[in-house]
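*Asks:* Quick one, what's the 3D model for this:
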Amino acid sequence: MPLPSLLLGTAQWGWNVARDEAFRMLDLWLKAGHRNIDAATNYPINKNPVDFRAAEKILYEYVQAHGLRDLRITMKIGSLDNMRTPDINLAPSFILMMGDEYRRLFDDNLHCLMLHWDNRDDETAIRGSLEALAVLQKEQGLQPGLSGIAHPDIYAAINADLGLSFDIQLKNNLLQSDLGRYEALREQGKHRFFAYGINAGGIKLDGVYPSDSTFLRRGGDPEKVAAKLDKLRSILPKLNTDFVRPPVKTMNHVGLIYTALNPQFSGMLLGVSSVAQLSETLDYWRNLETYDYGDVWAALSREL
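*Replies:* Numbers count the residues shown, from 1 in each chain. Next comes the predicted model:
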C-alpha cells in the first residue's frame, strides 16, 4: 500500500517558529523532495492580532526569494482573526475574492482553497460557499477543500447535487479521531482525507512534561491520558522485537504509523516546530517507506 502524501504545516510560523527557522525548514523540505505545504489566513492562531496572516507572509517571502512555481499549497480561508473566535466570512463573494488574492500571491503554487472552521447550519449559505468553490475549480483549477467544519452531513447532502471532490482535513490520533463524524462525506467515496494533530497535541511517551511543553500549553491533562500511555508502553516492547527494522520509540513515531498506514487517509500534516523535529520526522518516514510496520498499526488500532 502506498504511503499518504505529507504536507508541511505552518500553524506555528510567526509565533513559535521564527522566519529564519521556517526558511530552514522549507530548505530541508524541498531538498527531501516534498512540495506540499498547508497554510491558513489565520495562522498563527496566537491571539496576537499583529500576527494575523504572518505565516503566509513568511511563505510568500520564501516563494518569491526562490522563484518557486512547483509547490502545492493548500490555503484555508474563512476566519476573520487569529484570536480563536468563531467569527468567519465564507460568503461567495469573499471566497472568490480570496481565490483571486491567493492566486495573485502564489501563482501556480496554489493548489487547494479550503473552507475553514465553518460552524454554520444554514443550507442556503453553505450551498453558496460550495458553488463559489466550484467556480474557482472551473476557472482557476483550484482543488476545493474543507477543514474543521461543524456539519459534514449538511455538506454531504448539498454536494450530492454539486458533485465536488473535496480534500478534507480532520483530526486523527490515538486519543481522538473525527473520521466517524465525516461518515456522510466518506460514503460519497470521492473525497480525499488528510489527518492533522497526529501527535495528539504533544503528549509524551514517557509522560513527563516541562512547564512550557506544547501539551500543557494547549490545556492537556496528563492524568487523562495516563491509562492509554500505560497501555501503549506495555505493548511497544512486543512490537520492537524485529531487529531488522528501526524500533518505535516516540509518540511521533506512533503518530506517523497510526495515520500513515490507515487506508482511509490520502495525506497527513506535519505540525513540526523546528528543523530538528522535521529532520527526525523525515528520517523516520523513510523507515516507513522501507520496512513493514503493518503489525504495529494493527496492534495500535486493535488495543488502543
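*Asks:* Export the helix or strand of the chain with the lowest mean pLDDT to CSV, keeping only CA atoms.
*Replies:* Every helix and strand in the chain was compared by mean pLDDT, DSSP states H and E; the lowest is helix 214-217, with a mean of 77. Taking Å, rounded to 0.1, in the frame of the first residue of the first chain, the C-alpha atoms of helix 214-217 are listed here in CSV:
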residue,chain,number,x,y,z
THR,A,214,3.1,22.1,23.9
PHE,A,215,0.8,19.6,25.6
LEU,A,216,0.4,21.7,28.8
ARG,A,217,0.2,25.0,26.9
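*Asks:* immediately after that helix, which helix or strand?
*Replies:* Going down the chain from helix 214-217, the next helix or strand is helix 222-239, by DSSP states H and E.
*Asks:* Give me the contact list for the helix or strand following that next one.
*Replies:* Sequence-wise, the next helix or strand downstream of helix 222-239 (DSSP H and E) is helix 251-260. With Cβ atoms under 8 Å, 6 or more residues apart in numbering as the test, helix 251-260 has contacts from 3-4, 172-174, 195, 198-200, 203-205, 232, 248, 265, 268, 277, 280-281, 284-285, 288, 293, 296-297, 300-301. Just so you know, the C-beta spots here come from the backbone N, C-alpha and C atoms, and that holds for glycine as well.
*Asks:* Now the buried members of those.
*Replies:* Among the contacts of helix 251-260, the ones that count as buried by 16 or more other Cβ atoms under 10 Å are 4, 172-174, 195, 198-200, 203-205, 232, 248, 265, 268, 281, 284-285, 288, 293, 296-297, 300.
*Asks:* And the contacts of the least confident helix or strand of the chain?
*Replies:* Gly201, Gly202, Ile203, Lys204, Tyr209, Pro222, Ser273.
*Asks:* Now do the SS call for the last one.
*Replies:* Read it as Ser273. Here Ser273 is recorded as coil under DSSP: H, G, I helix; E, B strand; the rest coil.
*Asks:* From Ser147, how far out is the nearest residue to Asn46 once chain neighbours are set aside?
*Replies:* Once flanking residues are discounted, Asn46 sits nearest to Trp15: 4.4 Å by Cβ to Cβ, 6 or more residues apart in numbering. Separation of Trp15 from Ser147 (Cβ to Cβ, to the nearest Å): 19 Å.
*Asks:* so the residue nearest to Asn46 touches Val50, yeah?
*Replies:* No: counting by Cβ atoms under 8 Å, Trp15 does not reach Val50; the two are 11.1 Å apart.
*Asks:* Compare these two (neighbour count), which wins?
*Replies:* Trp15 (18 against 8; other Cβ atoms under 10 Å).
*Asks:* what's that one sitting at in phi/psi?
*Replies:* In terms of degrees, to the nearest 10, the main-chain angles of Trp15 are phi -130, psi -90.
*Asks:* so how far is Gly271 from it?
*Replies:* 12 Å.
*Asks:* cool, and Glu223?
*Replies:* Glu223 sits 24 Å away from Gly271, going by Cβ to Cβ.
*Asks:* Helix or strand: which one has Asp38?
*Replies:* Element membership for Asp38, per DSSP H and E: strand 36-40.
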